[in-house]
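# A predicted structure for the sequence below; I have some questions about it.
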Amino acid sequence: MAFIQANDGVITQINVFTVAPEKQQELIDLLSEAATFASRLPGWISASIHRSLDETRVVNYAQSKDLQSAQNIITALRGAGWPDRNKALGEAHPGLYEVVFTKTT
């Protein structure tokens, strides 16, 4: 389960994909499979996949225990060819982040 808390060392990869509307669900399915693959790796915490209502974007929000775990997971995903399959469906804009502020009601 995704848990968002500031300054806890967790690293979040946020990847925004630009996608043709007819490819949105196919990319969501592929990212779901990649998350299942990554969930078996040390340091993996969670993945949440979001689709835009205009069907032109997909956002993958994935959490890892720390930076080293995130880098190891990305390396494993690359080694298994997941990013290459993603590229066939949409243009990726990935980044690694740490939460510095959160507020809830």
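Yes, it's here.
# checking Leu27 next. Helix, strand or coil?
Of the three states, Leu27 takes helix under DSSP: H, G, I helix; E, B strand; the rest coil.
# OK, contacts around the closest residue to it other than its chain neighbours?
Among residues not flanking Leu27 along the chain, Leu89 sits closest, at 4.2 Å (C-beta to C-beta, 6 or more residues apart in numbering). Every C-beta, even on glycine, is put in place using the N, C-alpha and C of the backbone. Residues near Leu89 by C-beta atoms under 8 Å, 6 or more residues apart in numbering: Phe17, Val19, Lys23, Glu26, Leu27, Leu30.
# equivalent analysis for Trp44, please.
When contacts are counted by C-beta under 8 Å, 6+ apart, Trp44 touches Ala38, Ala62, Gln63, Ser64, Lys65, Ser69, Ile73.
# try it again with 6 Å
Residues near Trp44 by C-beta atoms under 6 Å, 6 or more residues apart in numbering: Ala38, Ile73.
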